[in-house]
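**Student:** Structure for this input, please:
(2 chains)
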Number of protein chains: 2
Amino acid sequence: MGRVAVDAMGGDHAPRDIVRGAVAAAEADPTLEQLLVGDEGKIRGELQGREPPHGITIVHAADVIEMHESPVEALRKKADTSIVRCMKLVLEKRADAVVSAGNTGGVVAAATFLLPRLPNCRRAGIAVPFPSRTGACVLMDVGANIQCKPVHLVQYALMAREYAREICGIADPRVALLSVGGEEGKGNPLVKETFAALKAVKGLRFIGNVEGQQIFSGETDVVVCEGFVGNVILKSAEGMAEAFLHMLFKEVGDSLGETNPAGKQVLSHLKARTDYAQYGGAPLMGHEGAVFISHGRSNATAMKNAIRFADSYVGHSVNARVTEALAAVAANRDVQAILGGGT
Amino acid sequence: MGRVAVDAMGGDHAPRDIVRGAVAAAEADPTLEQLLVGDEGKIRGELQGREPPHGITIVHAADVIEMHESPVEALRKKADTSIVRCMKLVLEKRADAVVSAGNTGGVVAAATFLLPRLPNCRRAGIAVPFPSRTGACVLMDVGANIQCKPVHLVQYALMAREYAREICGIADPRVALLSVGGEEGKGNPLVKETFAALKAVKGLRFIGNVEGQQIFSGETDVVVCEGFVGNVILKSAEGMAEAFLHMLFKEVGDSLGETNPAGKQVLSHLKARTDYAQYGGAPLMGHEGAVFISHGRSNATAMKNAIRFADSYVGHSVNARVTEALAAVAANRDVQAILGGGT
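**Tutor:** Here you go, the predicted structure:
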């Protein structure tokens, strides 16, 4: 369905696990079209002399943004990085989506420089579904936009709502604002101003402020926050899940014995449910086309899942619906009066 | 050792679980002195006609701040709330510490109005130890000070370090700043300015920026952040632990059968290790005396632990060491040049 440009050079285990993930995705879906972008020699080295499987075309790019580099500087200095080449493939309509496990700042910067934003969109943001008691809760932004203005958070509410609707299949998603207390008036100035604006958005099922625990409780489908806060939550949750599993492994080992098959089964099921690899990639929403950011640690399974997710995502009409919602709010005088001007 | 004023009216299960917790603490330690503060009739009702056990004195206070009330307004309107009476007992040197499971904003406001701050201290903050792979990591602030300036974060670094040293027993605690990337220069303006100031603090083992996952990884002993961010992390971690246990219970039920004794044992051990009740109370650091904030949901066990923790805390010299550290930084011209003036 979609044509996916895959950044073969991004991530801790690139190009090995990226190439393996692309091959696994091709084997799982023979109709998938992939453009595998990066150093052709290295990509072919990973393929060990075999031709790439059906549906994969290699696109050579000479440079790569290293994890320790300043993304903006790397984009200025290096003419032909794999991530820039991926974005250009979308611009040239040769690809519908980009998947990268590279430096998040680099992916965001490349998209900012090269891909037009959707009409009325002020800033792109990254949406991530968190597992909740009743399914998933979409948190946005988790790190594209470190310092937000109220207008950005209002637009994130609209974008994340379409993600919850189209991708998670929730008919009328509940949308909440992350704060330090449930009542209106709790929070910092950013939260208070955004609260007033979200109340004025027509047709939005805005349920008010929520606290951190409600991301996981099933009480809301979307939670909106500034990129600094969302990034810290995303990474804390990851660190906590690992610490929790670590404790659990020890506990199971102590109580059941390391080799008890029932104990092992509990652990492997739980690990699968909390493993980031199951989610694959998170969309950077707000640009034309579709950009997916995978975890830097992505292994072949995570990449396969991210590529297949990107493919299915472009079959949905997320961008069209976001564009409609942003236009409606841009025309809503009550909301605009609260938000004022500015970018 | 210490004399602890206990707010009998604060918390979701007050006064019942507060009174039961105080009784349990008295039974566990006959040398403990407690002032149980609140509506005397209700407290005696919970004691069911018995006299309070040895070490407990009831101090009557007519009013209470309800969970839904604006704390500042409640303090203005109500002359004799239990939390204000607790603070006054410290002021009058009749108590060394306060423990309350009431509205956090109310406890912070009452301390702000009534208890002097330690010399040079600009803002009080709440410190909470998180379980980490190697023991504990102290996060500060988790919600007393929603919008911080760099000088507040620098002081939190010094205060949380003394907590880690005196209470957690870490000889030379590693101190880190929470951000969205490990490198210097990553983060928002608050983080960048604080980073520069912390680098200039003499004798501080400042290890730079950390990301959210490192709160749990054992790589640092102290993590400093703004109250908005810390509060969201604290509550997210709580929500996630509950969701995780929920999944785990289901998984254990499916794999081992609900009644398998080995499975039950794993769960009860894990629950104990992640239960907030084990931690009891978190100190609001920066005031004369000692103020401990317990979870609103505190049951009798959590209250007992909080009261006993408060008692042992005042036996340490945290305030004296914090005062020394704040004075040294106030006299450090390099740090002050970075922080500038202001409050």
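**Student:** Now the helix or strand hosting A:I58: buried residues?
**Tutor:** Assigned by DSSP states H and E, A:I58 belongs to strand A:56-60. For strand A:56-60, a neighbour-count test (16 or more other Cβ atoms under 10 Å in any protein chain shown) marks A:56, A:58-59 as buried. Every C-beta, even on glycine, is put in place using the N, C-alpha and C of the backbone.
**Student:** Check stretch A:59-77 too.
**Tutor:** Of all the residues in stretch A:59-77, those buried under the rule 16+ other Cβ under 10 Å are A:59, A:61, A:63-65, A:69-72, A:74-75.
**Student:** Excluding sequence neighbours, find me the nearest residue to A:D334.
**Tutor:** Spatial nearest neighbour of A:D334, excluding adjacent residues (Cβ to Cβ, 6 or more residues apart in numbering or on different chains): A:A200 at 4.2 Å.
**Student:** So which bits of the stretch 51-200 of chain A are right by chain B?
**Tutor:** Contact residues (Cβ under 8 Å from any Cβ of the partner chain) of the stretch 51-200 of chain A with chain B: A:68, A:105, A:131-133, A:143, A:146-147, A:178, A:180-181, A:183, A:187-189.
**Student:** Go again with 6 Å.
**Tutor:** Within the stretch 51-200 of chain A, the positions adjacent to chain B are A:133, A:143, A:146-147, A:180, A:188 by Cβ under 6 Å from any Cβ of the partner chain.
**Student:** And the residues you listed, which is closest to B:L118?
**Tutor:** Ranked by distance to B:L118 (Cβ to Cβ), these are led by A:V180 at 24.6 Å.
**Student:** Phi and psi next, for that closest one.
**Tutor:** When read as degrees, to the nearest 10, the backbone of A:V180 gives phi -100, psi 10.
**Student:** Number of residues surrounding it?
**Tutor:** By other Cβ atoms under 10 Å in any protein chain shown, the residues close to A:V180 number 24.
**Student:** What's the per-residue pLDDT of the residue nearest to it when sequence neighbours are not counted here?
**Tutor:** In this structure, A:V180 finds its nearest non-sequential neighbour in B:N231, 4.5 Å apart by Cβ to Cβ, 6+ apart. Listed pLDDT for B:N231 reads 95.
**Student:** okay but B:N231 is in contact with B:D141, surely?
**Tutor:** No. Judged on Cβ atoms under 6 Å, B:N231 makes no contact with B:D141 at a distance of 8.2 Å.
**Student:** more crowded one of these two?
**Tutor:** Neighbours were counted for B:N231 and for B:D141 using other Cβ under 10 Å; B:D141 has more, 31 against 26.
**Student:** that older thread, which one of the residues of the stretch 51-200 of chain A next to chain B is nearest chain B?
**Tutor:** Sorting these by distance to chain B puts A:V180 at the head of the list, at 4.5 Å, by Cβ to the nearest Cβ.
**Student:** show me the contacts for the closest one.
**Tutor:** By Cβ atoms under 6 Å, 6 or more residues apart in numbering or on different chains, A:V180 lies in contact with A:186-187, B:143, B:228, B:231.
**Student:** same thing but 7 Å
**Tutor:** Residues in contact with A:V180, defined by Cβ atoms under 7 Å, 6 or more residues apart in numbering or on different chains, are A:186-187, A:211, B:143, B:146, B:228, B:231-232.
**Student:** Now the two most distant members of these.
**Tutor:** A:E211 and B:I146 (12.9 Å).
**Student:** before we move on, back to that, buried subset of the residues of the stretch 51-200 of chain A next to chain B?
**Tutor:** Neighbour counting by 16+ other Cβ under 10 Å classes A:143, A:146, A:180, A:188 among these as buried.
**Student:** Serialize those to JSON lines and add fields for distance to A:F292, secondary structure and pLDDT.
**Tutor:** Shown next, in JSON lines, are these (distance: Cβ to Cβ, whole Å; DSSP: H, G, I helix; E, B strand; the rest coil; pLDDT from 0 to 100):
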{"residue": "A:G143", "distance to A:F292": "14", "secondary structure": "coil", "pLDDT": "95"}
{"residue": "A:I146", "distance to A:F292": "20", "secondary structure": "coil", "pLDDT": "95"}
{"residue": "A:V180", "distance to A:F292": "31", "secondary structure": "coil", "pLDDT": "95"}
{"residue": "A:N188", "distance to A:F292": "31", "secondary structure": "coil", "pLDDT": "95"}
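**Student:** farthest pair in those residues?
**Tutor:** A:G143 and A:V180 (20.2 Å).
**Student:** Check chain A for its longest helix and report it.
**Tutor:** Of all segments of type helix in chain A, defined using DSSP state H, the longest is helix A:227-256.
**Student:** by contact count, what packs against that one?
**Tutor:** strand A:125-132, strand A:135-140, helix A:261-274, helix B:227-256, helix B:261-274 (3 or more Cβ pairs under 7 Å, 6 or more residues apart in numbering or on different chains; DSSP states H and E).
**Student:** do the next helix or strand after the third one and chain B meet at all?
**Tutor:** If I follow you right, that is helix A:261-274. Remark: after helix A:261-274, the chain's next helix or strand is strand A:281-285, criterion DSSP H and E. No. With Cβ under 7 Å from any Cβ of the partner chain as the criterion, chain B is not reached by strand A:281-285; the gap is at least 14.9 Å.
**Student:** Tell me who's in contact with the nearest residue to A:A124 once chain neighbours are set aside.
**Tutor:** With sequence-adjacent residues excluded and distances taken as Cβ to Cβ, 6+ apart, A:A124 is closest to A:G286, at 3.5 Å. Residues counted as contacts of A:G286 (Cβ under 7 Å, 6+ apart) are A:117-118, A:121, A:123-125, A:159.
**Student:** can you rerun that using 8 Å?
**Tutor:** Each residue near A:G286 by Cβ atoms under 8 Å, 6 or more residues apart in numbering or on different chains is listed here: A:117-118, A:121, A:123-125, A:155, A:159, A:322.
**Student:** Distance of it relative to B:G340?
**Tutor:** Per Cβ to Cβ, to the nearest Å, A:G286 is found 36 Å from B:G340.
**Student:** What of A:R174?
**Tutor:** Distance of A:R174 to B:G340, computed by Cβ to Cβ: 43 Å.
**Student:** who has more neighbours, these two?
**Tutor:** Neighbour totals were compared for A:R174 and B:G340, and A:R174 leads with 19 against 11 (other Cβ under 10 Å).
**Student:** Name the residue closest to the centre of chain A, please.
**Tutor:** Nearest residue to the geometric centre of chain A (Cα atoms, centre = their mean): A:A282, 1.7 Å.
**Student:** looking at it, that residue is touching A:F292, isn't it?
**Tutor:** Yes. At 6.7 Å, A:A282 counts as touching A:F292 under the criterion of Cβ atoms under 8 Å.
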